[in-house]
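> Next input, structure requested:
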Amino acid sequence: MRRITRTAPFVLFGIMAMGACTAPVPPAVTEQPSTEPEGTLAEVRSADTLRVCTTGDYRPYTYRDPETGSWSGIDLDLAEDLAETLDVERELVQVSWSELVGSITDGDCDIAMGGISFNDERDQQVDFSEPTVEDGKAPITTCESAERFQTIEDINQPGVRVITPVGGTNEAFADENFADAEIIKWDDNNTIFDQIVDGEADVMVTDASETKWVAHEHEGVLCAVNPDQPFTSFENGYLLPEDDPEWRDTVDAWLTEAQSDGTYAEAEEPWFG
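Below is the predicted model of the structure:
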């Protein structure tokens, strides 16, 4: 009896220790998969919205009427077609030319559209779609002055008033090529051609496609100078987020189809006649 009484505490301690060692281990926490959409295409579909950044001041590609707020333009019709192809809504976001690249790199928009030319500076920050048109810089002036402004040298003369919009490739071209002329920097692209009509400027150098549209709108008053033989050659298209090949391939596949099935030509017809 004495032995049992003396050893009982040790037996009890051993049982307690075994119980502590065999206590159930809580299950490992399993990390839940992210529910956030990955990539621009997934984000567009998740939001049910295609966000399109555009300047709204570059006819025939993009234009927002300052009085009514209504939008029109070749690339805006194409933006609507892209949204319909993706079965989402189109949302237009107006930005300035200087804000265009940032609107893509900052994630404010899924695509930038509206007569945008490809260049090295933009290429370092964003991706490009397949080209929409081949273009180049060409003059637009009064029809009576067309023979006067045939070359860059003709324009780069003291006393010649060259007007250019602020913040885009036209301004860069003017700064690079017309140091001897007077450069007028105009901050309203919607009224810039009126300055030539009204005699406040002599000539503007812009994309040849735009000079064709302006000449069509101001027939007999303003004339495009050699638009089929421009001073430079480049491609226009759309800006896309970098490092998103799925989104780029989606846009390119849609654009190829739009160019081959007549959708693109149909959008151009009202502007070029």
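> got the CA coordinates for the helix or strand containing Ala267 in PDB?
In the assignment (DSSP states H and E), Ala267 maps to helix 263-272. In PDB, the C-alpha atoms belonging to helix 263-272 read as follows (Å, rounded to 0.1, in the frame of the first residue of the first chain):
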ATOM      1  CA  THR A 263     -15.600  48.200 -90.500                       C
ATOM      2  CA  TYR A 264     -12.600  50.600 -90.600                       C
ATOM      3  CA  ALA A 265     -13.400  51.900 -94.100                       C
ATOM      4  CA  GLU A 266     -17.000  52.500 -93.000                       C
ATOM      5  CA  ALA A 267     -15.800  54.600 -90.100                       C
ATOM      6  CA  GLU A 268     -13.500  56.700 -92.400                       C
ATOM      7  CA  GLU A 269     -16.100  57.400 -95.200                       C
ATOM      8  CA  PRO A 270     -17.900  60.300 -93.500                       C
ATOM      9  CA  TRP A 271     -14.700  62.200 -92.900                       C
ATOM     10  CA  PHE A 272     -12.800  61.800 -96.200                       C
END
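> buried ones in that helix?
Going by neighbour count (16 or more other Cβ atoms under 10 Å), the buried part of helix 263-272 is Thr263, Tyr264, Ala267, Glu268, Trp271. Placement of C-beta: from N, CA and C, glycine included.
> and it, what other elements does it pack with?
The contact analysis (3 or more Cβ pairs under 8 Å, 6 or more residues apart in numbering; DSSP states H and E) places helix 263-272 against helix 74-86, helix 208-217.
> Out of the ones you listed, which is closest to Thr151?
With Cβ to Cβ as the criterion, Thr151 lies closest to helix 208-217 of the helices and strands packed on helix 263-272, at 14.9 Å.
> quick one: average pLDDT of that closest one?
Mean per-residue pLDDT for helix 208-217: 92.
> Tell me what angle that helix forms with helix 74-86.
Note on geometry: by axes from the mean of the first three to the mean of the last three Cα atoms, to 10 degrees, helix 208-217 and helix 74-86 are set 110 degrees apart in direction.
> buried set for the following helix or strand past helix 208-217?
Per DSSP H and E, the first helix or strand lying C-terminal to helix 208-217 is strand 222-224. Using 16+ other Cβ under 10 Å as the test for burial, strand 222-224 gives Leu222, Cys223, Ala224.
> quick one: average confidence on the very next helix or strand once past strand 222-224?
Note on strand 222-224: by DSSP H and E, the next helix or strand toward the C-terminus is strand 234-240. The pLDDT scores in strand 234-240 average 95.
> Flag the shaky bits of the protein, pLDDT-wise.
For the chain, the stretches flagged by pLDDT under 70 are 1-37, 273.
> could you show me where the strands are in it, in order?
Assigned by DSSP state E, the chain shows strands spanning 49-54, 57-58, 62-64, 71-72, 89-94, 111-117, 127-128, 133-135, 137-142, 161-165, 182-186, 203-207, 222-224, 234-240.
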